[in-house]
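> the sequence isn't on hand, but the structure is:
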């Protein structure tokens, strides 16, 4: 099956940029997603990118996709304390199945 | 406002008990999912359903079963709970957007402890 890996933890200072990385094994994924999970809550979709795109920008969020290296990243500009959460990358493969990464816990230091 | 609700936020059960986790969505979505979330392992798919009475195994279906008798409700059943099923269980539903992407909407989760 699909393997989707993320580093477990990232710590940044408020106002800096955060970059969360994701690597995967299956190159047939059509859509790649970033979800955010705040403490005590379910996941919420932040943004997504088609597999035929290299980059997508949405306000403070920038998604970069390197299909050759099977690498997806999420950059958060001007990181705020409210951005503290767990971030999951997710890949849509066949049918409606979505495979989630291991999650990266982002800690923002004031 | 879209909503996925789960019957309990916290649940404590004994080993060997039969456990029912209920999930209801009010968005008329065809697809519904059950995941478990464990630290360092992310979300792992247990079962999903793409229509009433239809179900598909996910990556870790052993020890679980599901039921979908109505479109809005998807139940996860632990036939005989074991301590290794202690986890956070997340339900989700999804629909197909006009651009053919899918967005999953998640419930708040049920933290199950099996003693």
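Noted; the coordinates are in hand. Values in this document were obtained by computation on a predicted structure and should not be read as measured data.
> check whether stretch B:17-33 contacts chain A.
Yes - for a cut-off given as CB under 8 Å from any CB of the partner chain, stretch B:17-33 has contacts with chain A, namely B:31, B:33. Every C-beta, even on glycine, is put in place using the N, C-alpha and C of the backbone.
> in chain B, which residue sits nearest chain A?
Residue nearest to chain A within chain B: residue B:106 (3.0 Å; CB to the nearest CB).
> excluding its backbone neighbours, what's nearest that residue?
Leaving out its chain neighbours, the residue that sits closest to residue B:106 by CB to CB, 6 or more residues apart in numbering or on different chains is residue A:42, at 3.0 Å.
> ok, how many other residues are close to that neighbour?
Residues within reach of residue A:42, counting by other CB atoms under 10 Å in any protein chain shown, total 21.
> mind listing what it touches?
Listed by CB atoms under 8 Å, 6 or more residues apart in numbering or on different chains, the contact set of residue A:42 reads B:4, B:90, B:92, B:105-109.
> ditto for residue B:19
B:11, B:13, B:77-78, B:81, B:112, B:114.
> could I get the pLDDT score of it?
Per-residue confidence (pLDDT) for residue B:19: 97.
> and for it, nearest residue in space, chain neighbours not counted?
With CB to CB, 6+ apart, the residue lying closest to residue B:19 is residue B:78, at 4.1 Å.
> was I right to think the one you found contacts residue B:63?
Yes - between residue B:78 and residue B:63 there is a contact at 6.6 Å, judged by CB atoms under 8 Å.
> what do the two both touch?
Among the neighbours of residue B:78, those also in contact with residue B:63 (CB under 8 Å, 6+ apart) are residue B:85.
> the two: who's more crowded?
Using other CB under 10 Å as the criterion, residue B:78 and residue B:63 rank with residue B:78 on top: 19 against 14.
> give me every residue that touches that one.
The neighbours of residue B:78, taking CB under 8 Å, 6+ apart as the test, are B:13, B:17-19, B:21, B:63-64, B:85.
> got it, and residue B:79?
With CB under 8 Å, 6+ apart, residue B:79 has these contacts: B:18, B:63-65.
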